[in-house]
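Asks: From the sequence below, what's the structure:
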Amino acid sequence: MDTVREPDDRSGWPGGSFLGRLPDEARRDLLSLGRAREFGARDILIHQGGADRHTLLLLRGFTKVTATAENGRESLLAIRLGGDIVGEMAAMGDQCRSATVTACGPVTARSVSEEALGAFLLRRPEAAVSLARMVTDRLRWANNRRLEFRGYSVKVRLARILADLAEAHGRTGAEGVVLGFTLTQPELAALTGSAEPTIHRALKELRDAGLIGTGYRTTVVRDPVRLREVAKLPASVAPGRPARGAISPRPPSASSPPARGPRTPGPRTPGV
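Replies: Numbering: from 1, shown residues only. Below is the predicted model:
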């Protein structure tokens, strides 16, 4: 059975990812399971509606989680990077895949069967707790996005998305916190529940203020402190180590005037 070499730095797995949450011994155990898989750009890792039950541990690369409604409209639900697990909902339940996971470039993953994952969680209860906490965090993330649609302006919602991504997946670089990937304006519009022209204006305002920078296949948060101020978020911890429970405070009360914007349905819980 082939094995996967972990990053030399144990903090190499983002702290908010499943692999980053696991104790060293449990992580090594999990990475010894299944088989290695390689995917190219635009390859489908998981199909919405599929009846398969395996999970994928993402080791390298960047994927997008999307779902298509009955009217044919596709929505971006989440992004998943190295250290994340996808397919866990189908593995733990008896329903079909609820979303599609697509590679946005070369992706290295490890495929683990439903049976192997179940046995691992039974013998590693600490991993089962970590998985439950991760699923809870994803549910909270989705719920917070729904609340923000009526509680905050598009600019604030966009700043929150970028701040969350910097916390969970960012790497400190010379110019700021580097995300290592970029999202298109339609994708950012889907994540924030807004129209593309509005997202275009909000991005320009953040760039002009020196808070973010965009380049080829990357986004840089140049001033994380000020970005979180715009996002109305509490003070940040180190990139890749999100403060538990501090990602999204409660939106303004019902007595506050709601932000204007299109009435776009909120995202579904990001899981497959």
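
Asks: Show me the longest helix that occurs in the chain.
Replies: helix 125-151 (DSSP state H).

Asks: Which elements pack onto that helix?
Replies: If contacts are counted by 3 or more CB pairs under 8 Å, 6 or more residues apart in numbering; DSSP states H and E, helix 125-151 sits against helix 18-21, helix 24-31, strand 74-81, helix 88-92, helix 114-123, helix 154-169. (Each C-beta comes from the backbone N, C-alpha and C, glycine too.)

Asks: Of the ones you listed, which is nearest Thr66?
Replies: Closest to Thr66 of the helices and strands packed on helix 125-151 is strand 74-81 (CB to CB; 5.4 Å).

Asks: Packing partners of the closest one?
Replies: Helices and strands touching strand 74-81, by 3+ CB pairs under 8 Å, 6+ apart, are strand 62-68, helix 125-151, helix 185-192.

Asks: Mean neighbour count, distance to Gly82 and mean pLDDT added to those, as JSON lines?
Replies: Shown next, in JSON lines, are those (neighbours: other CB atoms under 10 Å; distance: least, CB to CB, whole Å; pLDDT from 0 to 100):
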{"stretch": "strand 62-68", "mean neighbour count": "21", "distance to Gly82": "8", "mean pLDDT": "91"}
{"stretch": "helix 125-151", "mean neighbour count": "17", "distance to Gly82": "15", "mean pLDDT": "86"}
{"stretch": "helix 185-192", "mean neighbour count": "20", "distance to Gly82": "19", "mean pLDDT": "86"}
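
Asks: between those, which one is nearest to Leu76?
Replies: helix 185-192 (4.2 Å).

Asks: Which element is encountered next along the chain beyond the closest one?
Replies: helix 196-208 (DSSP states H and E).

Asks: in the helix or strand following that following helix, what counts as buried?
Replies: Following helix 196-208 in sequence order, the next helix or strand is strand 212-215 (DSSP H and E). Residues of strand 212-215 classed as buried: Ile212 (neighbour count, 16 or more other CB atoms under 10 Å).

Asks: what lines up beside strand 212-215 in the sheet?
Replies: Partner strands and pairing direction for strand 212-215 (DSSP bridges) are strand 218-221 (antiparallel).
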